[in-house]
Structures are given as C-alpha cells and as structure tokens.
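**Q** My questions are about this predicted structure, shown below with the sequence.
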Amino acid sequence: MTEKMSQAGSEAGSDTSHDLTAAWATAILTRLAAYGVRDLCIAPGSRSAPLALAAGRMQDAESAEPGPHFTLHTHFDERGLAFYALGLCRQRQRPVAIVTTSGTALPNLYPALVEARYSYLPLIALTADRPPELLDCGANQAITQPGLFAPHVRAEVSLPPPDLHLSPGWLALRLDAVLRRGCDPQAPGPVHINVQLREPLYGGGESAAVWLAQPTAPAPAPLATPVGSGCGVEGNEGEPVALQPPLLFVAGALKESEAAAVLACAEAAAIPILADIGSQLRLTDHRCVIGGGELLLATAAGREAFSGVRQVFQFGGRLTGKRIAQWLTQHTAEHYLVSPYTDIHDPAWRAQPLYSDIAAFCQTLQPPQQAPLPGLAAARTTQDRCLSQALTATAPPNGELDELSAVATTVAELPEQMALFPGNSLAIRICDLLAPAVSGQPCITQRGASGIDGLIATAAGHAFYHSPGVTAILGDLSVLHDLNSLELAAAVPHPLVLIVLNNDGGGIFDWLPARTHPAVQRQLFRMPHGRDFAHAAAQFALPYRRCSDVATLQAVYREACAHPGASLLEVPCAPQQASERLTELLRRLAEVEGGGC
C-alpha cells in the first residue's frame, strides 16, 4: 500500500536532520535519487529507522525541505513488498529501492532480486545492519548480511556505521560504484546496499554539523548508451551481416518501444513475426504478426511453410513455449539473436548473438521487400479452422468454464490499454497458445526466473502507475503463495482484476512428465488443497465473484474492469481437464494435412 508518513516525519523533529546518522541516511537517499529513484518501498523495522525517517522527511507533498522527494509505499511483508517494487520498476522503467531492517527480513527479498537479475530490472535492496560490535556475538536480529544475495546482484557494498572521518564525498562515490552497475543500460539489474547503523536510531546522536561541512561528490555523470546504439547491421566481430531472404522474425520478451521497432521493420518488408506472449505483439491484429506460433509449428503444413526461411532474427530471449525453440534448433537457417545484453539467451547454444540496442538495430536493418512464404497463408487458415473445430469439440458442456475458455473469454474482453499479466505455469502457456489477437494491449510477463511467487504483488506494483489497469490471470497455487499481497492489491487506485484459475493444485503437472507416475503424481506433484478464495477476498475487503460459465465471467469481468481498485474473480476448473484438452488439440493439429482437418 502507499502510505503517508507525515506523522513519522513530524515525530522525528527538525533536529533529527542534523543528527549524523540521520544526515548519513538522507545522503544515501539523495544519491539514490540522482540515479532516478522516485519510489521507496519500506518495510517495518527499528534498525532501519534512520532510513525510514529520512524517507518520511523527503516524501512527495509532505516535505518542505529542498532536494529530491519520493513516493513511499509500505507493506508488512518484505517478500511481497519486494515483488511490488519489481512491478513498480517494470512499469516505470526506472530504479526502485526497498528498505528493510536487519536479520531475516533480508532473505525475504531474495526471490524478487533473482527475478530482477534475469529480467534486467534495477531493483535496489537498501538494508539496515547491526554495527561490527554486535555481529557474531549473539546479538538479536544479527545475521551475516554482506554477500547474502551473491551471485544474483550486479554489485553490492557494505557501508560502515556513520563516521565523521568518512566525508559525504566518500559516501557518494562508494554508492556510485554500485548504482552505476545496477543502472547500466548495457546490463541493468539488482544491487545490494547494506548500511550498518548504531544507536541512537531515532535522533539525539552525534551532531552532523562537521560532517555536512565537508565536500561532497559532484552529481553522477550520465550513464553510457546501450551496446550497439546507432551501429550498422554487423556481427560482433565487425563483419557486416549479409541479408539472405526470405527472412523470419521471432519476437521474444520485449519492451513496448522495442516491439514497435520490430513491427515497423517487419511491416516495411512484409516479414512474418512469430510472436511470444511476452513480446508486446502477441495480442496485436496485424498481417505480419503470427500469434500461436507454437500451434502452427505443430502442423506439418506450418513447418513446411517455414522450411524455405534462410535467416531468422530473434529479438529478445525467454520464449515461453518449446516448439519455436525446438524448430530454431533443428532448422538450417542462420539464426541471429539480437539483444542489448551480453548474457546468453540461447539454451541450444546455436544462435549467433548480435549485441545491439534493438530499436537501433531495426532502424538500420533495412531488409528488402520479400514475397509471402509459400503455403504460409494456407497453413494459417487451416490451423485456425481446425483449432476452432477442436476447441468446440472438446469444450465443457453448457457454457461451463475451464482454463482454456476462461483465458479466451478474458482476453477477448480485455479493455484497450489495460495490461494483461498471465501468471507463470499453466496460465501463461494457455495465453501463449490460445489468446486471440485484440487491440495490441501491453502484456506483462515475469519470466526472468519463471517463479510462481510474488505475482499478486508484481501486478499490484504495475497497476499502481498504470491507470488503464491490469488483468492478472493466475493459478490457485500462485495466489496461495502470495495471499499477503492482497493487502497491496487492495490499495491500488486503478483497476486490478485478479482472475484465479482454481483447478485445486498444480495443474501444470497434469501436462508434464509427472503424469506418467500416477501412483505419486497427486501427492508429490499436484498437491491438491481443497481451498477457494472467497474468505481471502473478504479478509482484505476485495470484491469477489465466483464465475462458473462464460456468460457470468463476461458480465462480471466487465464490471471489474470498470471498478477503480482490485477485484478477485474465481473460476473453478476441474482437475486435469485443461491438460486433456490441450493434449487433444495438439494431437488433432499434428494430424492435419494441408487440405483440411
């Protein structure tokens, strides 16, 4: 939730800002602001009091002090708060800091920091710590904090307690060394700033007058532009890449600006794009965009249509499904992977990496106009017809819902500009396979580490600044993982629709090889829980509806999209039904020949 802290700031009193510890904390936050931080997420704790009180004095609309101001967000659960910060960071495309106390508060940040590392998001863990004399001696809430998040942070620093002999300039430059790594456009990611603090923590300590009179460091220099900005189309050894049509684009996880550049380049040359659900193109109705490429490649006609492709340019990594990745591995076309980041995003170790800003690369590519791939239009038409027939033939009776029909119904009704957030595990796979093309709405994915934790919190953080709202389609286990974050969802000022596909356990395991072990699959993999979410919604005062048929979901979903806040819609689904339908759909498509179903 976002919470005003004027009371905390007034209780600190004007003298607090002249206390050395308070001045040290203010200097840290001021340096964070120099790197673009405007949102601080603060968990409760006493050792972190100097940082929290400094934040209260620097809060937007509450602070009379000159200098940077922040929007403050608070939550009682560090784990949920960290994912909420991740959502803020992803939506605002700027660094966000999380402030915690010492001890076990820190490990709760780890899952979100891991996701930030693999999603290239500049999340800043600002953690309070005990001073040296209280470490390794049995003092309360004292654990080994430096190095706790390695190797999943880009950089870290453990600052000593405030000291008159360590000037403001020293402090600023120590922070610069870490923050530049986290905010580096070539490889952004999470960082850890650990701050040892001595009592008194609430003011009344050593005067800051002498310390504040010392010189500080200048403002940080502008960060470098991403690798390859403005470069020509050339390999990483400087040799030009000779274009050999016909070309195919594959769009993995992309930002909206990158997706727009890829689409413009493809449109100019009539190049087809296999669009992943995380590409920002999957929901776009455009002649170049092929949604559901996983299903198309399940057909012989689809594979044949792409057989003549000579070069594939893949933009961004993290493909959701397996068939496109398998086809890229097996096909003889030259495969280039264009990314601004130097990490490897090719599990097959076959693609030739091109390290470049994606938008700049697309502007300089200038491929020639190419003829349609032979057989592609016919293959797509046949696939669509056979898929429609198969969906109708396997649908639950009387308009009842399962995961597949719930996803299709929701996406078809998704308002323009509202963001879709398909949760990891089964929900995102169904969206990738079956989501209809609508109005090109943004699509949030959390595929850095692909965990099911923190999804409610991430959706809430994104929705806080995204006024058209967010629709999150989540599995029941994901919601159980993150129930505390319904408190964060309840405070979002914009529409946030949480659609829970409740198939009573880990439905993804009905589709994975675990199903071949029926004797233990239920106990050790699916783990049914027998819960619904009506009481959870009531506990956090969220509007709740149970939706068992298509007509009810359509009507209730429209109401929820118009509600200025969070709503929870639960769709009860029979166990194994979705996996059985998906298996049957793929079987039918695999049997499709060019002429019919």
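**A** Looks like it came in fine. Numbers count the residues shown, from 1 in each chain.
**Q** Glu413 contacts Val556, correct?
**A** No - between Glu413 and Val556 there is no contact under C-beta atoms under 8 Å: 10.3 Å. For the C-beta atoms, the positions are set from N, CA and C on the backbone; glycine is no exception.
**Q** Those two - which one has more neighbours?
**A** Val556 (19 against 16; other C-beta atoms under 10 Å).
**Q** what's the helix or strand for the more buried one?
**A** Taking DSSP states H and E as the definition, Val556 sits inside helix 550-562.
**Q** Please give the element, helix or strand, for Leu51.
**A** In the assignment (DSSP H and E), Leu51 maps to helix 49-57.
**Q** For that helix, which helices and strands make contact with it?
**A** Helices and strands touching helix 49-57, by 3 or more C-beta pairs under 8 Å, 6 or more residues apart in numbering; DSSP states H and E, are helix 6-12, helix 20-34, strand 39-42, strand 96-100, strand 123-129.
**Q** rank the ones you listed by mean pLDDT and give me the bottom one.
**A** Note on those: lowest mean pLDDT is at helix 6-12, with a mean of 37.
**Q** quick one on the thing from earlier: want to try TSV for the helices and strands packed on helix 49-57, with distance to Ala472 as columns?
**A** Listed next are these as TSV, based on distance: least, C-beta to C-beta, whole Å:
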stretch	distance to Ala472
helix 6-12	32
helix 20-34	29
strand 39-42	19
strand 96-100	19
strand 123-129	20
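**Q** Same list (those) but as CSV, adding mean neighbour count and distance to Ala213.
**A** Formatted as CSV, the helices and strands packed on helix 49-57 follow (neighbours: other C-beta atoms under 10 Å; distance: least, C-beta to C-beta, whole Å):
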stretch, mean neighbour count, distance to Ala213
helix 6-12, 16, 22
helix 20-34, 23, 11
strand 39-42, 27, 27
strand 96-100, 29, 27
strand 123-129, 27, 26
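**Q** hang on, the earlier thing: show me which residues of the helix or strand following the helix holding Leu51 are buried.
**A** Scanning forward in sequence from helix 49-57 by DSSP H and E, the next helix or strand is strand 71-74. Neighbour counts using 16 or more other C-beta atoms under 10 Å place Thr71, Leu72, His73, Thr74 of strand 71-74 among the buried residues.
**Q** Domain ranges for this structure, per the record?
**A** Domain segmentation of the chain under automatic domain parsing yields 6-212, 247-378, 397-573.
**Q** Now do the second one: distance from first to last residue.
**A** Think domain 247-378. 19 Å (C-alpha to C-alpha, to the nearest Å).
**Q** do the same with stretch 268-288
**A** Termini of stretch 268-288 sit 10 Å apart (C-alpha to C-alpha).
**Q** Begin at 53 from now on, thanks
**A** OK, 53 is where the count begins now, so the last one is stretch 320-340.
**Q** returning to that earlier point: do you know which of the helices and strands packed on helix 101-109 lies nearest Pro267?
**A** Pro267 lies closest, by C-beta to C-beta, to one member of the helices and strands packed on helix 101-109: helix 72-86, at 12.5 Å.
**Q** helices or strands next to that closest one in the packing?
**A** Using 3+ C-beta pairs under 8 Å, 6+ apart, helix 72-86 sits against helix 101-109, strand 175-181, helix 220-234, strand 243-248, helix 261-264.
**Q** export it as CSV, just CAs?
**A** Coordinates of each C-alpha in helix 72-86 appear next as CSV, following Å, rounded to 0.1, in the frame of the first residue of the first chain:
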residue,chain,number,x,y,z
LEU,A,72,24.9,12.4,12.0
THR,A,73,23.0,9.1,11.5
ALA,A,74,20.1,11.0,10.0
ALA,A,75,22.3,13.1,7.8
TRP,A,76,24.0,9.9,6.6
ALA,A,77,20.7,8.3,5.8
THR,A,78,19.5,11.4,3.9
ALA,A,79,22.7,11.5,1.9
ILE,A,80,22.1,7.9,0.8
LEU,A,81,18.6,8.5,-0.3
THR,A,82,19.7,11.7,-2.1
ARG,A,83,22.3,9.7,-4.1
LEU,A,84,19.6,7.1,-5.0
ALA,A,85,17.5,10.0,-6.3
ALA,A,86,20.4,11.1,-8.5
